[in-house]
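# Dropping a prediction and its sequence here:
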Amino acid sequence: MKNKLFLLLLLPIFSFAQGGLLDQIKKDVQKEVQKVVPVDLNTLNGATGNVDIAAGLKEALNKGIEKQVTKLTATDGFYKNEMVKILLPEELQKVDDALRKAGLSSLANKGLVMLNRAAEDATKEATPIFVDAVKNMSFTDAKNILMGNESAATSYLQTNTTSHLYAKFNPVIKNSFTKVGADKVWATIIKKYNSLPMVKKVNPDLTDYTTNKALEGVFKMIGVEEKNIRADIKARTTPLLQQVFAMQDKK
């Protein structure tokens, strides 16, 4: 037994030797060591552990992206989802109230729908950016996420994609406003409100506001799926997810 352990310590020194022989010696030594002290082979054979954890986290994130983000791109994906529905900014709440009191409820409703339509349109740009971020995840990132809090994976994506997503979302939302006529609707809304007596005139940047709200919604829905996978064993629908998140359960 001591001789075989000594050989294991010498393996790096003899790295120039025949690969097949070294592999066989290593396997023999691991078998002998485990007879005496249970050892996680992943600590001796780091590559396997690294691939499993990273692959499991990537699978979980991709599942969240596919399941939740895709929902947001559909018609009413934002508008009829109370968790992420984009409401008017505080500055425009008084605009909405004033229009409704003036008998312009339909115009106010149309303006709100169009904010959400623009977010749904822009979210189609998110998936490839998320996929790149997931691909670039290191083993250290994966390990920290796995053993982190219930939103660690979502936080990782926020840190690594927010600026890129904003740069993609903002022009899409601006174009979407034009495409669906939201720019004209909101220009009419603002003009009518500003023409009312005794009101403080407003001129909000709705493109920036909607962009940030769309990003909030995207990350909120990914967070929902992450918490689901972490807490509900039934949500771990593949052997890899089950294996990797079992490590989290034991922490």
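Ah, there it is. Numbering: from 1, shown residues only.
# just checking, residue 54 touches residue 138?
Yes: judged on CB atoms under 8 Å, residue 54 makes contact with residue 138 at a distance of 7.5 Å. To be clear about C-beta, it is placed using only N, CA and C from the backbone, and glycine gets the same treatment.
# and the two? which has more neighbours close in?
Between residue 54 and residue 138, counted using other CB atoms under 10 Å, the more crowded position is residue 54 (21 against 10).
# so which helix or strand takes in that one?
helix 46-64 (DSSP states H and E).
# Please pull up the helix or strand immediately following that helix.
helix 70-73.
# Okay, buried residues for the helix or strand just after that following helix please.
Helices and strands here follow DSSP H and E; after helix 70-73, the next one along the chain is helix 90-101. By neighbour count with 16 or more other CB atoms under 10 Å, helix 90-101 contains the buried residues 92, 95, 96, 98, 99.
# how about helix 90-101 as CSV, C-alpha atoms only?
Output in CSV follows, covering the C-alpha atoms of helix 90-101 (Å, rounded to 0.1, in the frame of the first residue of the first chain):
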residue,chain,number,x,y,z
GLU,A,90,-43.8,57.3,-11.3
GLU,A,91,-43.4,60.5,-13.3
LEU,A,92,-46.2,59.3,-15.7
GLN,A,93,-48.6,58.0,-13.1
LYS,A,94,-50.1,61.4,-12.8
VAL,A,95,-50.3,61.6,-16.6
ASP,A,96,-52.3,58.3,-16.6
ASP,A,97,-54.6,59.5,-13.9
ALA,A,98,-55.2,62.8,-15.7
LEU,A,99,-55.9,61.2,-19.0
ARG,A,100,-58.4,58.8,-17.5
LYS,A,101,-60.2,61.7,-15.7
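# what about that helix, distance to the chain center?
With CA atoms, centre = their mean, to the nearest Å as the basis, helix 90-101 stands 33 Å off its chain's centre.
# picking up where we left off before, show me which of the buried residues of helix 90-101 has the smallest pLDDT value.
pLDDT across these is at its lowest for residue 99, which sits at 72.
# Next up, the contacts around it.
Listed by CB atoms under 8 Å, 6 or more residues apart in numbering, the contact set of residue 99 reads 105, 107, 108, 189, 192, 193.
# hmm, back to that, among the buried residues of helix 90-101, which one lies nearest to residue 207?
Using CB to CB, residue 92 comes nearest to residue 207 of the buried residues of helix 90-101, at 13.6 Å.
# which parts of the host helix or strand of residue 162 are buried?
Per DSSP H and E: residue 162 is located in helix 152-180. Neighbour-count burial for helix 152-180, counted by 16+ other CB under 10 Å, picks out 152-154, 156-158, 160-161, 165, 168-170, 172-174, 176-177, 180.
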